[in-house]
Each structure stands twice: as structure tokens, then as C-alpha cells.
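S.K.: need a structure here:
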Amino acid sequence: MTPARSPLRAVLLAVIAVGLVLLGGGAAVALGLGRGEPDPAADSVAAGFSRDMSRHHLQGVEMANLALERSTDPEVTQLAFDIAETQQNQVGRMQGWLALWGLPPTGGETMAWMPAGAHAGHSDDDEGGAPMPGMATEAELAQLRSLSGVEFDREFLRLMIRHHQGGREMAEYTAEHAAVPAVAGLAGTIAETQSAEVTTMERMLTARGGTPLPAP
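M.R.: Below you'll find the model as predicted:
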């Protein structure tokens, strides 16, 4: 395991544990699922989104936690705290759903549930590229870790804006196509929240003398 990936995996283990605890009783109700709903297939939009958005969110949590450690800008740290708390909670819900459906929390072909024409292109993660729309590459994360002060804040905002744009694209598709109402509802909430946060971050970035990265 590389040091760069260990925080992400630690968070993943934590949220999976939360999801499994919910299985002790009333889990379907606690996770917003209707009683008697058929379990979605592994290749369904609901399951694919839950797996892939969990991974997408966890990188967002990783970057937000880095901002909490590195930034001294109160507005940036408040934003980072909000992102980390919200997205970690949402990952817990999605991992809980997968556990209830008897599906693995990871694996499967990335983005196979979303037609190629419906999302921006993405590279093979094994080649150092971003596996999903908007995600930062390992090289970009390493660069972010090397920065401090306002340079860190600008790069954090640039990466997080693009990250949110990619996640919003995935969420909008799911809100329209997921057959599980709870999944479609969460996806709609994610799309709305990330749209609002992108507007906020663009304003913050401009105020700090930065410009956004190209949209994914």
C-alpha cells in the first residue's frame, strides 16, 4: 500500500463499518429503502452509482481532510469541513445499501452503469489517470500535498471544483435513471449540493487570484 492511498482506504473501512452496523436492525428503514423493494442487480444504475460515487466521494473527503490540515484560511477550512462531513455520511449510506443488497462495496467495471456518451472520458487508473469524471490523478494529489499557504488554497479549490463537476454529472444521470427511489433521491441531493458548492468555490477561487481548471 502506498502512503498516498492509505488515508483513502482508512476512510473507506470506517464508512463500511458504519454501514454494517446498520444491518443490526431496521437497516432498510434507516437507509431510506422501501420495504419489499427488489434488490438491484450488480450492473444496475443504483448499484453502480453507489459503488463508484462512494469511491469518488472518498477522494473528495481525502482532499478536504488535507485542507483541514494544511490551510489556514477560515473560509477554506469551513468549506472543507462541510464537504468531508457531508460526503462521508453519504458514503456510509451508499455502502450500507450495497451491504443490504448483498453486493461488494468495490469492484466491477468503473462507470459501466453510465453510457459512454453520457459522461466525460476517463483514463485507466492503473496508468495514473483519473478513473472517473472530475477525479484528481495521483500526480495532482502529490502536487497538492507539496503546496502551502494561498497556493495550496487555490489548487485545492481548483481540484475540488472539477471534482464536484464530475460528481454532479454522475449524480444527475442517476437521479433520472436509478430504479431505487432512495438512490435517485440521494443522487438528486448530491447534484443540487455540488452545483451550489461549485458556485461558492468559483467565487472563492477568484477572490484568491485563481482560475478554474477545464471542466471534466
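S.K.: okay, now the unreliable bits of this structure?
M.R.: Applying pLDDT under 70 to the chain flags residues 1-36, 117-130.
S.K.: now with 80?
M.R.: 1-37, 116-131 (pLDDT under 80).
S.K.: show me what contacts the residue nearest to the spatial centre of it?
M.R.: Central residue check for the chain by Cα atoms, centre = their mean: the C-alpha nearest the mean position is that of H57, 1.7 Å away. Applying Cβ atoms under 8 Å, 6 or more residues apart in numbering to H57 gives the contacts 87-88, 90-91, 94, 167. For glycine as for every other residue, the C-beta is placed from the backbone atoms N, C-alpha and C.
S.K.: so which of these comes closest to V180?
M.R.: Of all these, V180 sits closest to M94, with 11.1 Å by Cβ to Cβ.
S.K.: list the buried ones in stretch 70-79?
M.R.: Across stretch 70-79, burial judged by 16 or more other Cβ atoms under 10 Å covers 70-71, 73, 76-77, 79.
S.K.: contacts for that stretch?
M.R.: Looking at what lies outside stretch 70-79 - Cβ under 8 Å, 6+ apart - the contacts are 67-68, 80, 147-150, 152-153, 156-157, 197, 200-201, 204.
S.K.: which residue packs closest to W97, ignoring adjacent ones?
M.R.: S50 (5.3 Å; Cβ to Cβ, 6 or more residues apart in numbering).
S.K.: that neighbour against L100, yeah?
M.R.: No: judged on Cβ atoms under 8 Å, S50 makes no contact with L100 at a distance of 10.4 Å.
S.K.: between these two, tell me which one has more neighbours.
M.R.: When S50 and L100 are compared for neighbours, S50 comes out ahead with 29 against 18, by other Cβ atoms under 10 Å.
S.K.: quick check: buried residues in the one helix or strand the more buried one maps to?
M.R.: Assigned by DSSP states H and E, S50 belongs to helix 45-70. Buried residues in helix 45-70, counting neighbours by 16+ other Cβ under 10 Å, are found at 45-67, 70.
S.K.: now do the longest helix seen in the chain: distance to the chain's middle.
M.R.: If you go by DSSP state H, the chain has its longest helix at helix 149-177. On the basis of Cα atoms, centre = their mean, to the nearest Å, helix 149-177 sits 9 Å off its chain's mean C-alpha point.
S.K.: how about it: buried residues?
M.R.: Neighbour-count burial for helix 149-177 flags 152-175, 177 (criterion: 16+ other Cβ under 10 Å).
S.K.: then stretch 187-197?
M.R.: Buried residues in stretch 187-197, counted by 16+ other Cβ under 10 Å: 187-188, 190-191, 193-194, 197.
S.K.: who touches it?
M.R.: Stretch 187-197 has contacts (Cβ under 8 Å, 6+ apart) with 49, 53, 79, 83, 86, 90, 164-165, 167-168, 170-172, 174-175, 178.
S.K.: identify the farthest-apart pair in these.
M.R.: Of all pairs drawn from those, the greatest distance, 28.0 Å, lies between L79 and A178 (Cβ to Cβ).
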